Structure formats: C-alpha cells, structure tokens
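Asker: what's the 3D shape of this:
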Amino acid sequence: QVQLVESGGGLVQAGGSLRLSCTASGRAFSGYVVAWFRQAPGKERDFVALISRSGGSTSYTDSVKGRFTISRDDAKNTVYLQMNSLKPEDTAVYYCAASINPYLVGGRANINNYNYWGRGTQVTVSS
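Answerer: I've put the predicted structure just below:
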C-alpha cells in the first residue's frame with residue numbers, strides 16, 4: 001500500500017506562484033508513474049501533469065504548459081508541482097495519483113489507471 005499526502009496549496013493572487021508537494025509513505029515512490037489532477041467545483045477531475053518513473057519524461061495538459069513544472073525527488077519520496085503565473089481558472093482541488101503500471105491504458109488522463117490517490121489540496125487564485 002502507498003499513502004499519498006498533498007501539501008502546499010493556498011490562496012494566491014493571479015500571477016503568483018505555489019509549489020505543491022505529494023509525499024508517499026508505505027513504499028518507495030520510485031517505481032510509480034505519478035500524475036497531478038485537479039477538480040474545480042461542479043466539474044470533472046482533469047489531468048494536469050505526469051512524470052515517468054525515471055523522471056526523464058514529463059507531460060502536461062495544454063492549459064498549463066510553460067507555467068507548471070512537475071518534478072520528483074525519490075530520495076524524499078516526493079513529487080512536486082511548481083505552478084507559476086497562476087490564473088483564476090487554475091482554482092481547484094489538486095490531487096496527486098500514482099500508477100504502478102507505466103503503460104497507461106486509455107491515456108494519461110484516464111483516472112482508472114491510477115492505483116493510489118491523495119486527498120487533495122485546495123488552490124485558490126484570486127483575480
């Protein structure tokens with residue numbers, strides 16, 4: 001079993017930055033593909049970013065490209081999401097998710113690929 005805990009959310013003005021952390025316990029994180037998703041009120045949970053097991057490959061949804069950066073530090077069992085130039089439309093609860101299988105059936109955005117989820121951290125961007 002892997003337990004994931006997100007932290008680093010908060011209230012920030014548009015144009016500001018936040019760094020989210022996803023820390024794993026229970027098992028080494030290095031064997032997992034890790035992704036960030038977000039869910040705004042009344043909307044579905046949407047894919048944001050993903051990092052491969054090695055950290056050598058990353059991918060992002062179009063709306064955050066050039067603003068968000070996902071990274072991992074397996075020595076600390078932690079994956080980060082650096083968010084810059086934040087916009088009000090980035091407001092959501094952010095979740096991290098981990099998949100033991102590197103082959104994501106139906107693509108990175110398919111939530112059924114991910115074995116473990118955190119409880120989320122709220123990010124609010126004011127205009």
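Asker: Bridge partners for the residue nearest in space to the middle of the chain, pull those for me.
Answerer: The centroid of the chain falls nearest to W36 when counting by C-alpha atoms, centre = their mean (1.9 Å). W36 forms beta bridges with A49, C96, as assigned by DSSP bridges.
Asker: That one and S127: what is the separation?
Answerer: W36 sits at a distance of 23 Å from S127 (criterion: C-beta to C-beta, to the nearest Å). Yep, even glycine has a C-beta here, placed from its N, CA and C like the rest.
Asker: do the same with D74
Answerer: 37 Å.
Asker: These two: who's more crowded?
Answerer: D74 (16 against 9; other C-beta atoms under 10 Å).
Asker: Report the secondary structure state of the closest residue to the more buried one other than its chain neighbours.
Answerer: Closest residue to D74 apart from its sequence neighbours, by C-beta to C-beta, 6 or more residues apart in numbering: S30 at 4.1 Å. Assigned state for S30: helix (three-state reduction, DSSP: H, G, I helix; E, B strand; the rest coil).
Asker: from memory S30 sits against D73, does it?
Answerer: No: counting by C-beta atoms under 8 Å, S30 sits too far from D73 to count as a contact (10.1 Å).
Asker: Just give the number of residues close to G55.
Answerer: 15.
Asker: In contact with the residue nearest to it when sequence neighbours are not counted, which residues are there?
Answerer: With C-beta to C-beta, 6+ apart as the criterion, G55 has its nearest non-adjacent residue at 5.0 Å, and that residue is R72. For R72, the contact set (C-beta atoms under 8 Å, 6 or more residues apart in numbering) comprises F29, V34, I51, G55, T78, V79, Y80.
Asker: Where does R72 sit: helix, strand or coil?
Answerer: strand.
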